[in-house]
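**Q** This is the structure alone, sequence omitted:
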């Protein structure tokens, strides 16, 4: 199995190298990006020339083939490690040990393939394995039964313990190994997609910012096309030409992916662009109209062949609220018990570094517009609130509401580490236990921020308790503008489900470890 994975990865790189050789031979310059139709490179930043010299992929197929190969190797490794663990726990001896290792190394990848764990041909599955977590856990549970019967057939001393070890051990090793495999794929510049944006308005600018802020997507924006280009220069990308030139531009710039993000062009022109991309085998992503509301879309219906995205009416039944509250209490209680040594260590470090209280509390807006005191580990010098007025000119947020400074001089050394890893927010688990907050929910706004909201937005946000984490945390924390953060909250509340809460909790872990937007 490992040999197969290695050959697949080698084939993927061979395809990429072949494309690079052919592109270099056709006269295309590697010194910088080719010029647009007007003969200039409007809006290009110095980084664009560097991007043109970076390795690139030939198409999305070799990119996903390489990831699939890495995941297969990761699963074989996880199977070998788990097989050794099962042999140890079950008390296997002699030839039983290699037999168990071989069984796990073969069974796990085969069941993964049958369950679609290697169907990683979209951006979401490339970037993260969060969506495959339920399938992975289910397979681990099912796999423990044949292992149990195998251990019984071998007459091992502890078959039940071995079967439990197989399920739990495989869940831990496989999820870790697959995460490392994705990290390895994300670091390979040769697997990045050269991405062309169609459109030049505010939505296109927001899309480019998001793509650049989520490096795990493996996308490199190289320019944009639009007939009526506006906001040129806001991208830091060159205007490569008009829509009619798209087919030529795709070949000239070795484009791997196209993203359509609103254009003033007509309906037929945009359809023509998509057909051009599909004819050349290039994947297309389209930002839909009313995209701000589509996070709550759960169904795709059809009327006479016309597709419809259906938005369910949000409802918070007593059963739903009880299930959410039960999850909060269980997870917060277990979390505090497990993290208690870490809590004591952080408290000691804060006290040793600077004078002042260990905890910081602040009034925040809660459910139903109630006010509560949110708890955090103190990450600033004592009396920092009094210095806020003196630092207003250094505010890095220009929305007139939020106050954030990337290199805030009031933050202590310990506090900087706590903020980087979001460890300063652990005491909010006490807020969760007291019923003032939830594990997942809208961002707990300080009172001036809450009062700055229009009544309609605020009324919907406070239907649920504010959360320790939420869509804003996963999307980029402090890097998200205030209006977009509020939009995330609104979408979360209007499309709430318990499954969505679990998905956000799982996505929070890599978001926090990445350190994106933490300061």
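**A** Here it is on my side, so go on. Predicted model only: the values in this text are computed from it and were never measured. Residues are numbered from 1 along each chain as shown.
**Q** going forward, measure contacts between C-alpha atoms and count neighbours the same way
**A** Fine.
**Q** And the strands in this protein?
**A** 193-198, 219-225, 239-241, 257-260, 284-286, 297-303, 306-311, 359-365, 371-377, 438-440, 467-469 (DSSP state E).
**Q** helices or strands next to the second one in the packing?
**A** When you say that, I think you mean strand 219-225. helix 46-52, strand 193-198, helix 202-213, strand 239-241 (3 or more C-alpha pairs under 8 Å, 6 or more residues apart in numbering; DSSP states H and E).
**Q** quick one: contacts of it?
**A** With C-alpha atoms under 8 Å, 6 or more residues apart in numbering as the contact definition, strand 219-225 has outside contacts at 48, 51-52, 192-200, 208, 211-212, 237-243, 246.
**Q** same thing with the first one?
**A** Applying C-alpha under 8 Å, 6+ apart, the contact partners of strand 193-198 are 56-57, 59-60, 204, 218-226, 243, 254-263.
**Q** among the strands of the chain, which gets the worst mean confidence?
**A** Among the strands of the chain, strand 297-303 has the lowest mean pLDDT, at a mean of 62.
**Q** got the strands of the chain as TSV, with distance to residue 324 and mean neighbour count columns?
**A** TSV is the format used below for the strands of the chain (distance: least, C-alpha to C-alpha, whole Å; neighbours: other C-alpha atoms under 10 Å):
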stretch	distance to residue 324	mean neighbour count
strand 193-198	39	26
strand 219-225	36	25
strand 239-241	48	27
strand 257-260	37	22
strand 284-286	34	15
strand 297-303	20	11
strand 306-311	21	12
strand 359-365	20	17
strand 371-377	20	19
strand 438-440	8	26
strand 467-469	12	22
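**Q** can you tell me which of those strands comes nearest to residue 430?
**A** Of all the strands of the chain, it is strand 371-377 that lies closest to residue 430, at 7.9 Å by C-alpha to C-alpha.
**Q** That closest one - which strands sit beside it in the sheet, and in what orientation?
**A** strand 359-365 (antiparallel) (DSSP bridges).
**Q** what separates stretch 369-380 from the chain centre, distance-wise?
**A** 27 Å (C-alpha atoms, centre = their mean, to the nearest Å).
**Q** Oops, could you answer that again for stretch 498-507 instead?
**A** In terms of C-alpha atoms, centre = their mean, the centre of stretch 498-507 is set 12 Å apart from its chain centre.
**Q** So which bits of the helix ranked longest in the chain are buried?
**A** The single longest helix within the chain, with elements called by DSSP state H, is helix 318-353. Buried residues in helix 318-353, defined by neighbour count with 16 or more other C-alpha atoms under 10 Å: 324-325, 327-329, 331-333, 336, 343, 346-347, 350.
**Q** what would these look like in a markdown table with distance to residue 431 and pLDDT?
**A** Below are those laid out as a markdown table (distance: C-alpha to C-alpha, whole Å; pLDDT from 0 to 100):
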| residue | distance to residue 431 | pLDDT |
| --- | --- | --- |
| 324 | 15 | 90 |
| 325 | 13 | 92 |
| 327 | 14 | 91 |
| 328 | 10 | 93 |
| 329 | 10 | 95 |
| 331 | 13 | 92 |
| 332 | 9 | 94 |
| 333 | 11 | 94 |
| 336 | 12 | 94 |
| 343 | 15 | 94 |
| 346 | 18 | 95 |
| 347 | 18 | 94 |
| 350 | 21 | 93 |
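**Q** Let me know the closest of those to residue 115.
**A** For those, the nearest to residue 115 is residue 327 (27.8 Å; C-alpha to C-alpha).
**Q** For that closest one, give its distance to residue 238.
**A** 49 Å (C-alpha to C-alpha, to the nearest Å).
**Q** now the farthest one out in the protein, which residue is it?
**A** residue 155 (45.3 Å; C-alpha atoms, centre = their mean).
**Q** Next, that residue: phi, psi?
**A** phi 60, psi 40 (degrees, to the nearest 10).
**Q** Return the distance of it relative to residue 185.
**A** 42 Å.
**Q** Residue 194 now?
**A** Counting by C-alpha to C-alpha, the gap from residue 194 to residue 185 is 16 Å.
**Q** repeat for residue 160
**A** Applying C-alpha to C-alpha to residue 160 and residue 185 gives a distance of 37 Å.
**Q** who has more neighbours, the two?
**A** Between residue 160 and residue 185, residue 185 has the larger neighbour count (other C-alpha atoms under 10 Å), namely 24 against 19.
**Q** which ones are touching the closest residue to the more buried one other than its chain neighbours?
**A** Using C-alpha to C-alpha, 6 or more residues apart in numbering and skipping the chain neighbours, the partner closest in space to residue 185 is residue 67 (6.2 Å). Taking C-alpha under 8 Å, 6+ apart as the criterion, residue 67 is in contact with 120, 126, 181, 182, 185.
**Q** So which of those residues wins on neighbours?
**A** residue 185 (24 neighbours).
**Q** For the stretch 151-300 of the chain, which residues score under the pLDDT cut-off?
**A** 231-235, 290-300 (pLDDT under 70).
**Q** Torsion angles phi and psi at residue 370?
**A** phi -80, psi 150.
**Q** Distance-wise, check it relative to residue 98.
**A** 61 Å.
**Q** out of these two, which sits in the busier spot?
**A** Taking other C-alpha under 10 Å, residue 370 and residue 98 do not tie; residue 98 has more neighbours (16 against 11).
**Q** got a pLDDT number for that one?
**A** pLDDT, residue 98: 94.
**Q** measure it to residue 104 for me?
**A** Distance from residue 98 to residue 104, counting by C-alpha to C-alpha: 10 Å.
**Q** And for residue 225?
**A** On the measure of C-alpha to C-alpha, residue 225 and residue 104 end up 51 Å apart.
**Q** Now render the buried residues of helix 318-353 as TSV, adding distance to residue 141.
**A** As requested, these are exported to TSV (distance: C-alpha to C-alpha, whole Å):
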residue	distance to residue 141
324	24
325	26
327	21
328	25
329	25
331	21
332	25
333	25
336	27
343	33
346	37
347	39
350	43
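**Q** which of these lies closest to residue 270?
**A** Among the buried residues of helix 318-353, residue 324 lies closest to residue 270 (C-alpha to C-alpha), at 43.2 Å.
**Q** Now do the nearest residue to that closest one once chain neighbours are set aside: how many residues are near it, please.
**A** Take residue 324 and drop its neighbours on the chain: the residue closest to it by C-alpha to C-alpha, 6+ apart is residue 498, 6.6 Å away. Residues contacting residue 498 under the criterion other C-alpha under 10 Å number 14.
**Q** The one 3 residues further on too?
**A** Close neighbours of residue 501, defined as other C-alpha under 10 Å, add up to 20.
**Q** Map the structural domains onto the sequence of the protein.
**A** 31-57+192-287, 62-187, 318-514 (automatic domain parsing).
**Q** closest to residue 308 out of these?
**A** The nearest among the domains of the chain, by C-alpha to C-alpha, is domain 31-57+192-287 at 15.2 Å.
**Q** Quick check: bridge partners of residue 223?
**A** Counting by DSSP bridges, residue 223 is bridged to residue 196.
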